[in-house]
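Asks: I need the structure of the sequence given here:
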Amino acid sequence: LFQTEFSTSYAEKLWLIDQGNNVLLGHLYLQDQWTPYDKLQLTTGIRSNYFERFNKLYYEPRVSLRYMIDDDIALKISFGQYYQFINRFINENSLDGANDFWLIVGDSINPASSKNIILGIHNTNEKYSVGIETYLKVIDNLTEYNRQQTILAEVTNNAIFENVPLFYVGRGYAQGFELS
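Replies: Below you'll find the model as predicted:
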């Protein structure tokens with residue numbers, strides 16, 4: 001059960017968001033491994049999320065393939081789909097400081113989703129374990145708080161402008177390397 005209570009103001013007099021939430025989020029995960037021969041292992045899985053607010057099931061498939069080059073070195077490639085039902089919004093203000101807040105997705109915020117691809121090589125033996133992976137994450141419904149509402153509300157004595165959104169929604173990606 002997710003629960004958030006949030007309200008925000010600017011300079012202690014301008015109220016922009018006043019939202020309290022309780023929502024049920026249920027999960028089920030199934031996974032299977034298949035080893036067609038000694039050097040190759042395939043792992044598949046699916047996670048289902050029931051999000052009460054939208055009365056909807058969200059499915060997150062996962063696939064991973066590991067190939068053993070020798071007894072210590074393995075190549076790995078994996079893919080996964082992921083959803084996020086609670087978002088952290090950064091709300092920095094030079095007068096008030098950082099007022100970050102968390103909101104559960106709802107009427108004006110859809111769940112963020114990402115598709116992740118990972119490719120790596122790992123060396124594991126009795127003395128040490130080291131690996132390097134490269135990844136790409138494509139993110140949809142990436143949501144950012146619009147500070148313009150705060151500024152406009154201050155200038156107009158707390159009026160909320162319907163044509164100025166509280167949140168910007170877009171698409172993004174992250175890519176890089178990880179050493180372990």
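
Asks: What's opposite the residue nearest the centre of the chain in the beta bridge?
Replies: In the chain, the residue lying closest to the centroid (Cα atoms, centre = their mean) is residue 84, at 4.5 Å. Note on residue 84: beta-bridge partners by DSSP bridges are residue 112.

Asks: and it, how far is that from residue 63?
Replies: Using Cβ to Cβ, to the nearest Å, residue 84 is found at 20 Å from residue 63. Glycine gets a C-beta too; all of them are placed from N, C-alpha and C.

Asks: which residues of this protein fall in helices?
Replies: Shown for the chain, the helices assigned by DSSP state H span residues 148-155.

Asks: Thought residue 176 was touching residue 132, still the case?
Replies: No. Between residue 132 and residue 176 there is no contact under Cβ atoms under 8 Å: 11.1 Å.

Asks: More neighbours: which of the two?
Replies: For residue 132 versus residue 176, the count of surrounding residues by other Cβ atoms under 10 Å is larger for residue 132: 13 against 9.

Asks: Identify the residues contacting that one.
Replies: 120-121, 177-180 (Cβ atoms under 8 Å, 6 or more residues apart in numbering).

Asks: Any of the residues you listed buried? List them.
Replies: Among those, those classed as buried by neighbour count (16 or more other Cβ atoms under 10 Å) are residue 120.

Asks: Report pLDDT for residue 108.
Replies: Per-residue confidence (pLDDT) for residue 108: 74.

Asks: For it, grab the count of nearby residues.
Replies: 13.

Asks: Same list, the contacts of residue 132, but as TSV with distance to residue 39 please.
Replies: Shown next, in TSV, are the contacts of residue 132 (distance: Cβ to Cβ, whole Å):
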residue	distance to residue 39
120	16
121	14
177	25
178	24
179	25
180	22
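
Asks: now the contacts of residue 132 in JSON lines, with distance to residue 139 and pLDDT?
Replies: Listed next are the contacts of residue 132 as JSON lines, based on distance: Cβ to Cβ, whole Å; pLDDT from 0 to 100:
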{"residue": "120", "distance to residue 139": "20", "pLDDT": "98"}
{"residue": "121", "distance to residue 139": "25", "pLDDT": "98"}
{"residue": "177", "distance to residue 139": "18", "pLDDT": "96"}
{"residue": "178", "distance to residue 139": "17", "pLDDT": "95"}
{"residue": "179", "distance to residue 139": "23", "pLDDT": "95"}
{"residue": "180", "distance to residue 139": "23", "pLDDT": "92"}
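
Asks: nearest to residue 75, of the contacts of residue 132?
Replies: Closest approach between these and residue 75, by Cβ to Cβ: residue 121, at 5.5 Å.

Asks: Specify the beta-bridge partners of the residue nearest to residue 80 when sequence neighbours are not counted.
Replies: What sits nearest to residue 80 in space, not counting adjacent residues and going by Cβ to Cβ, 6 or more residues apart in numbering, is residue 62, at 4.4 Å. Beta bridges link residue 62 to residue 45, residue 80 when assigned by DSSP bridges.
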